[in-house]
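Novice: sequence below, structure please.
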Amino acid sequence: MTELVCGLVTLDDEGRLAQARAVASAVPIKYLWDNPDEQPIIADDSVFQDWIDERIEFFAALRKKGYCFYPWLINREVPAKWRRSDIVVWNQGPIPSCGSTATAHALEYHTLISIAEGNPVEYTAFNPIYSHYGATGGWTNQGVTMFQSGELLNGIGAFSVEDVGSDNRSTPRDYSEKKPDAGKFKAAICYIADNTPDMWFRLSRACVPFAFGSAQFYASAEKDKNGMAAAGRVTTGGHAECAAGCWTEVNGEEYIYIQNSHGDIYESDSTGKPKSGYWVTKRQCELFCSTAENYGKPFVPLPRCWRQDDASFAMELKLKG
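Specialist: Numbering: from 1, shown residues only. Below you'll find the predicted structure:
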């Protein structure tokens, strides 16, 4: 069996203090709407949770009409003129870049869901190796915390494939040169305060992707009694993944989708999901929530995307999940 490279490290006392300062600086999400050119830390407060409630209601109504917001299905429908890359899922390979890869996946899935909502934005993919290199201070063979991954995204930005290419396995030789370009894709960050399965499922029902770390993760998935490729074998090791903003309910059992970065190691199912990810139930989600904050608070990235001129563009996805 191929060894699965992880790469996440626990948050030390200095990191916890820095994270606490970042959380203390947070502003209500309304500030972001009123100041679209700024990318602050967003508070997980009553205003943010009201926004989540609105999104849950909005997407629930659309699901009843047959709409589906799985990012992999949305991706198939995005026209070429609104697409700057065909990459959606990254495989970290032997590089311990899971924190930055999970962050890239959250950004990409957020963009796809935004497009499906009808927002006039273009799809862009983000190369995680550049972010990993920056977060480690110039190394690719050591891990980072989730706080470092989020801090780099909020302070420096994300590195688009069109700016740096798609090689996510080699040490960047032009990081300093490309660093200013990343500023185009800074993201506001909301650190999740309540890391419980109920909250994670709530965010996923609202189609809100987020990045997280955990001390254990699932290294296999097989179809369960509901035909869902659900989590199976547990592996130990600090690792980051992305909850991709996907929720479904089958025969009374709720699931959310987890995007990993270890390649096509999971079984497929009728949802059409990538073989590099899997579904978890609330009970299985407890495995993540119990240790997530050891590596830095999971966070929701709210990215700045490329805008496009055709504001009338709205995808109508009548796809069954």
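
Novice: so how far is Pro303 from the residue most central in space within the chain?
Specialist: With distances taken as CA atoms, centre = their mean, Ala106 lies nearest the centre of the chain, 1.9 Å away. Ala106 sits 9 Å away from Pro303, going by CB to CB, to the nearest Å. Any C-beta I mention is one placed from the backbone N, CA and C, and that applies to glycine too.

Novice: hang on, the earlier thing: and the residue nearest to the centre of the chain, what are its phi and psi?
Specialist: Backbone geometry at Ala106, expressed as degrees, to the nearest 10, gives phi -60, psi -40.

Novice: for Glu151, report the pLDDT, please.
Specialist: Glu151 is assigned a pLDDT of 97 by the prediction.

Novice: just the element for it, please.
Specialist: Using DSSP states H and E, Glu151 sits within helix 146-155.

Novice: would you mark the buried spots in that helix?
Specialist: Neighbour-count burial for helix 146-155 flags 146-154 (criterion: 16 or more other CB atoms under 10 Å).

Novice: helices or strands up against that helix?
Specialist: With contacts defined as 3 or more CB pairs under 8 Å, 6 or more residues apart in numbering; DSSP states H and E, helix 146-155 has these neighbours: helix 13-24, helix 98-117, helix 128-135, strand 187-191, strand 210-218, strand 299-303.

Novice: count of neighbours near Asp34?
Specialist: Residue neighbour count, defined by other CB atoms under 10 Å, stands at 8 for Asp34.

Novice: so what's Asn154 up against?
Specialist: 39, 41, 186-189 (CB atoms under 8 Å, 6 or more residues apart in numbering).

Novice: tell me the contacts of Asn294?
Specialist: 10-11, 213, 215, 238.

Novice: so how far is Ile256 from it?
Specialist: Applying CB to CB to Asn294 and Ile256 gives a distance of 21 Å.

Novice: which ones are touching the residue lying closest to Ser97 once chain neighbours are set aside?
Specialist: Nearest residue to Ser97, sequence neighbours excluded (CB to CB, 6 or more residues apart in numbering): His132, at 3.9 Å. The contact partners of His132, taken as CB under 8 Å, 6+ apart, are 95-97, 99-101, 140, 144.

Novice: now Pro274
Specialist: Applying CB under 8 Å, 6+ apart to Pro274 gives the contacts 72, 88-89, 259, 264.

Novice: at 7 Å what do you get?
Specialist: Each residue near Pro274 by CB atoms under 7 Å, 6 or more residues apart in numbering is listed here: 72, 89.

Novice: just to revisit the earlier point, now the helices and strands packed on helix 146-155 as CSV including distance to Ala80 and mean pLDDT?
Specialist: Shown next, in CSV, are the helices and strands packed on helix 146-155 (distance: least, CB to CB, whole Å; pLDDT from 0 to 100):
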stretch, distance to Ala80, mean pLDDT
helix 13-24, 39, 97
helix 98-117, 13, 94
helix 128-135, 24, 97
strand 187-191, 25, 96
strand 210-218, 28, 97
strand 299-303, 21, 93
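
Novice: looking at the ones you listed, which is closest to Arg173?
Specialist: Closest approach to Arg173 among these (CB to CB): helix 128-135, 10.0 Å.

Novice: and the closest one, how far from the chain's centre?
Specialist: Distance of helix 128-135 from the chain centroid (CA atoms, centre = their mean, to the nearest Å) equals 16 Å.

Novice: now the angle from it to helix 146-155?
Specialist: Relative orientation of helix 128-135 versus helix 146-155 (axes from the mean of the first three to the mean of the last three CA atoms, to 10 degrees): 100 degrees.

Novice: what comes up buried for helix 128-135?
Specialist: The neighbour-count check on helix 128-135 (16+ other CB under 10 Å) flags 128-135 as buried.

Novice: so for Cys242, which of the helices and strands packed on helix 146-155 sits nearest?
Specialist: Taking those one by one with CB to CB, helix 98-117 is closest: 3.8 Å.

Novice: which strands and helices lie in contact with that closest one?
Specialist: Secondary-structure packing of helix 98-117 (3 or more CB pairs under 7 Å, 6 or more residues apart in numbering; DSSP states H and E): helix 71-77, helix 128-135, helix 146-155, strand 210-218, strand 234-250, strand 299-303.

Novice: show me what the longest one is packed up against.
Specialist: When contacts are defined as 3+ CB pairs under 7 Å, 6+ apart, strand 234-250 packs onto helix 98-117, helix 197-205, strand 210-218, strand 253-259.

Novice: now do the last one against helix 197-205, angle only.
Specialist: Per the same axes, to 10 degrees, the angle that strand 253-259 makes with helix 197-205 is 70 degrees.

Novice: what does the first one give?
Specialist: Using the same axes, to 10 degrees, the direction of helix 98-117 lies 50 degrees away from that of helix 197-205.

Novice: how far away from the center of its chain is helix 98-117?
Specialist: Using CA atoms, centre = their mean, the offset of helix 98-117 from its chain centre is 5 Å.

Novice: and if you look at the third one?
Specialist: Chain-centre distance of strand 210-218: 11 Å, with CA atoms, centre = their mean.

Novice: now do it: which elements does it pack against?
Specialist: helix 98-117, helix 146-155, strand 234-250, helix 282-289, strand 299-303.

Novice: noted, bye for now.
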